[in-house]
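J.: prediction below, plus the sequence it came from.
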Amino acid sequence: MRTLYHFHGGIHPPSNKTQSTQVAIARAPLPSRLIVPLHQHAGEAAKPIVQVGDHVLKGQLIGMPDGFVSSAVHAPTSGTITAIDMQLIAHPSGLPNLCATLMPDGKEEWVERKPVDYRSHSHAELQQLLRMAGVVGLGGAAFPSDIKLRIGKQKITTLILNGAECEPYITCDDMLLRERAAEIVQGAEMLRFMLDASKVLIGVEDNKPEAIAALQQAIADSGMNHEVVAIPTIYPGGSAKQLIRVLTGLEVPSAKLPTDIGVQCFNVATAYSVYRAFAQGEPLLSRIVTITGNVRQAQNFEALIGTPIDELVALGVALPDTNGYIMGGPMMGIPLPAVHVPVVKATNCIIAASAKLFPPPLPAMPCIRCTRCVEVCPADLQPQDLFWFAQSREFGRAQAFSLFDCIECGACSYVCPSHIPLVQYYRFAKSEIRAREHDKQLADQARERHEYREHRIEREKQEKTAKLAVKEKAAQAAKLNSLQPPTPQQQAELADLEAHRAHIRELAQSGVEHPDEGIAKS
Ligand code: SF4
Ligand code: SF4
């Protein structure tokens, strides 16, 4: 029996998960159109490599990774590209992004799929294959998986698969574990191989007994040594740093990565995508999305990336009093700017909201220094101090109080009796600090450019002066040379010349024409 550790704080909000786990995952029908954003992962956007009017096959590359942290984007089905333009997507900024619109032809005609035996490839080749298969973290951050596998000389002892899924309402990982555990176990082994990790721990919250049983069976069938660990159900136990703490007792230090302590963490759905990329030669074209909340039938759907969310929600039938939609969970999710935005690789859940499910927040009151927020903070921070610094724009002090260790879990806001939207203040402070750092970086670059220019002008001036000095010196030397007495050889030549001239004078006086002079005259 593995010893489990605790992290500081945590809360127990109502889970609201049973609504969407009553029926199996269904495959969403082909939508009327697919809107595929070129930027649906952390890092640089992919570069479009198709044009309007092109016919594409399912799985065909349509966006080439562009930059070190980037990932490929593929056509989710066969059809015709009808637009490449800016469209609204699910992003907190509410700003549009470059998307390729694809009209399906209904044939689901695949490009050639090339499964690979991962054991016969180098780590670098496998990383490149994942990059080109568009595999990114499916737990929410959408960080390109190949980057998390580029660990250099760091030694990874433990690979952790995150099946905790601690946010209320979301059940896509739970259902994937129940129904496709064998593939996830194979994907975990592929990730372990690429990291050279000595052990694999799969953490699943103990409110998912079916998922735990399915995993245990799949591991027994595979003959592998992966370990399934049932962890206590507490929010935010599925956050990477907290899960690592619970499973290993290790703390990821501030401003460090799990790899710095010999651990790497992937979501279970990411492991499933890795399996499909290698074993079936399929890029990441779809994902499981929980449709829940104010709907008639909550359920998980396997939806193609790019599916308009309104077409997906229609499958669950939103109730008439629905007043908005949230992508993600109620704690960390974002309100959708419009319901027609597309499913992206990070879309794990869509919650139809209503005033009954999510009553409007009560007006914020002054902080009463009750420290309830401190008690629940999983990052062991002082949320009320961070709030004060953010509100008074003392960003330096907020940073000194480890603002960037805040994982924005919302546990502090959840318990605050003064209803202060604390996380909004932290997000504001972080974005202000990042904007200032960006401005400073630009100013530093401009100053460096100016200094370099000044230095170059000065250097050119000095070079010119030096060249002039050399020339002057050479001219002076030449002048000096001309004032020197003739050498014996020069004296002999001058004497010859003088004798020759005297001979010519004599001939001229005697009236005889010298042959050379004649030529000169003619
Ligand atoms: S929970 Fe709210 S009122 Fe209490 S200390 Fe924290 S911020 Fe202040
Ligand atoms: S949102 Fe940040 S400050 Fe609040 S409890 Fe979570 S980690 Fe702590």
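T.: Sure thing, it's come through. Ligands and ions are numbered 1, 2, ... in the order given.
J.: and the closest residue to ligand 2 within the stretch 151-300 of the chain, what is it in contact with?
T.: Shortest the stretch 151-300 of the chain-to-ligand 2 distance, computed as C-beta to the nearest ligand atom: residue-wise this is Pro236, at 7.2 Å. From N, CA and C alone the C-beta is placed, and that goes for glycine too. Counting by C-beta atoms under 8 Å, 6 or more residues apart in numbering, Pro236 makes contact with Gly10, Cys166, Glu167, Gln242, Met331, Pro378, Ile407, Cys409, Ala411.
J.: now flag whichever of those residues is closest to ligand 1.
T.: Ala411 (10.3 Å).
J.: quick one: that closest one from Ser239, how far?
T.: 10 Å (C-beta to C-beta, to the nearest Å).
J.: common neighbours of the two, please.
T.: Contact with both Ala411 and Ser239 is made by residues Pro378, according to C-beta under 8 Å, 6+ apart.
J.: show me the contacts for Arg296.
T.: Gly316, Val317, Ala318, Leu319.
J.: mind listing which of those are in strands?
T.: Using DSSP state E to define strands, no part of those is located there.
J.: quick one: which of those residues is most hemmed in?
T.: Comparing those by number of neighbours (other C-beta atoms under 10 Å), Gly316 comes first, having 22 neighbours.
J.: what's the local residue count around the one residue in the stretch 51-200 of the chain that gets nearest to ligand 1?
T.: Taking C-beta to the nearest ligand atom, ligand 1 has its nearest neighbour within the stretch 51-200 of the chain at Pro168, 20.2 Å off. The criterion is other C-beta under 10 Å. On that basis, Pro168 has 18 neighbouring residues.
J.: that one touches Pro14, doesn't it?
T.: Yes. Between Pro168 and Pro14 there is a contact under C-beta atoms under 8 Å: 6.3 Å.
J.: from the contacts of Arg296, which is closest to Glu454?
T.: Among these, Ala318 lies closest to Glu454 (C-beta to C-beta), at 63.6 Å.
J.: so what's the closest one up against?
T.: Asn294, Val295, Arg296, Ala352.
J.: among these, which are in strands?
T.: Filtering the contacts of Ala318 for membership in strands, criterion DSSP E, returns Ala352.
J.: among the contacts of Ala318, which one has the most neighbours?
T.: Among those, Ala352 has the most neighbours (other C-beta under 10 Å), with 24 neighbours.
J.: check contacts around that one.
T.: Ile291, Thr292, Gly293, Asn294, Val295, Val313, Gly316, Ala318, Leu319, Thr322, Tyr325.
J.: any idea how far Tyr169 is from it?
T.: From Ala352 over to Tyr169 the distance is 10 Å, taken as C-beta to C-beta.
J.: can you list residues touching both of these two?
T.: Contact with both Ala352 and Tyr169 is made by residues Thr292, Gly293, according to C-beta under 8 Å, 6+ apart.
J.: Tyr261 contacts Leu250, doesn't it?
T.: Residue 261: Ile, not Tyr. Yes. Judged on C-beta under 8 Å, Ile261 makes contact with Leu250 at a distance of 5.1 Å.
J.: overlap of the contact sets of the two?
T.: Taking C-beta under 8 Å, 6+ apart as the contact definition, Ile261 and Leu250 share the neighbouring residues Ile244.
J.: Three-state assignment for Cys409, please.
T.: When the structure is split into helix, strand and coil by DSSP: H, G, I helix; E, B strand; the rest coil, Cys409 lands in coil.
J.: list the contacts for it?
T.: Residues in contact with Cys409, defined by C-beta under 8 Å, 6+ apart, are Tyr235, Pro236, Ser239, Met331, Met332, Pro378.
J.: and which of those is nearest Pro31?
T.: Within the contacts of Cys409, the smallest distance to Pro31 is 26.7 Å, found for Met332 (C-beta to C-beta).
J.: am I right that that closest one sits in a helix?
T.: No. Under three-state DSSP, Met332 sits outside any helix and is assigned coil.
J.: just the pLDDT for it.
T.: At Met332 the predicted local confidence, pLDDT, stands at 96.
J.: isn't it up against Glu408?
T.: Yes. Using C-beta under 8 Å, Met332 is in contact with Glu408, at 6.4 Å.
J.: among the contacts of Arg296, which are in helices?
T.: Among those, the members falling in helices are Gly316 (criterion: DSSP state H).
J.: show me where the protein has its helices.
T.: Using DSSP H, the helices assigned to the chain run over residues 123-132, 145-149, 172-195, 209-222, 240-248, 268-279, 309-316, 372-376, 383-391, 395-400, 411-415, 422-482, 488-510, 515-521.
J.: which helices and strands does the fourth one pack with?
T.: The elements that helix 209-222 packs onto, with contact taken as 3 or more C-beta pairs under 8 Å, 6 or more residues apart in numbering; DSSP states H and E, are helix 172-195, strand 199-205, strand 227-231.
J.: just the C-alphas of that helix, formatted as PDB.
T.: Coordinates of the C-alpha atoms in helix 209-222 are reproduced here as PDB (Å, rounded to 0.1, in the frame of the first residue of the first chain):
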ATOM      1  CA  PRO A 209     -14.200   3.400  -8.600                       C
ATOM      2  CA  GLU A 210     -15.100   2.200 -12.100                       C
ATOM      3  CA  ALA A 211     -12.200   4.000 -13.700                       C
ATOM      4  CA  ILE A 212      -9.800   2.600 -11.100                       C
ATOM      5  CA  ALA A 213     -11.100  -1.000 -11.700                       C
ATOM      6  CA  ALA A 214     -10.800  -0.600 -15.500                       C
ATOM      7  CA  LEU A 215      -7.200   0.600 -15.200                       C
ATOM      8  CA  GLN A 216      -6.200  -2.200 -12.800                       C
ATOM      9  CA  GLN A 217      -7.700  -4.800 -15.200                       C
ATOM     10  CA  ALA A 218      -5.900  -3.200 -18.200                       C
ATOM     11  CA  ILE A 219      -2.600  -3.200 -16.300                       C
ATOM     12  CA  ALA A 220      -3.000  -6.800 -15.300                       C
ATOM     13  CA  ASP A 221      -3.800  -7.800 -18.900                       C
ATOM     14  CA  SER A 222      -0.800  -5.900 -20.200                       C
END
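J.: for that helix, give the mean pLDDT please.
T.: The predicted model assigns helix 209-222 a mean pLDDT of 98.
J.: list of residues touching it?
T.: Applying C-beta under 8 Å, 6+ apart, the set of residues contacting helix 209-222 from outside is 163, 173-174, 177-179, 181-182, 184-186, 189, 202, 204, 206, 226, 228, 230.
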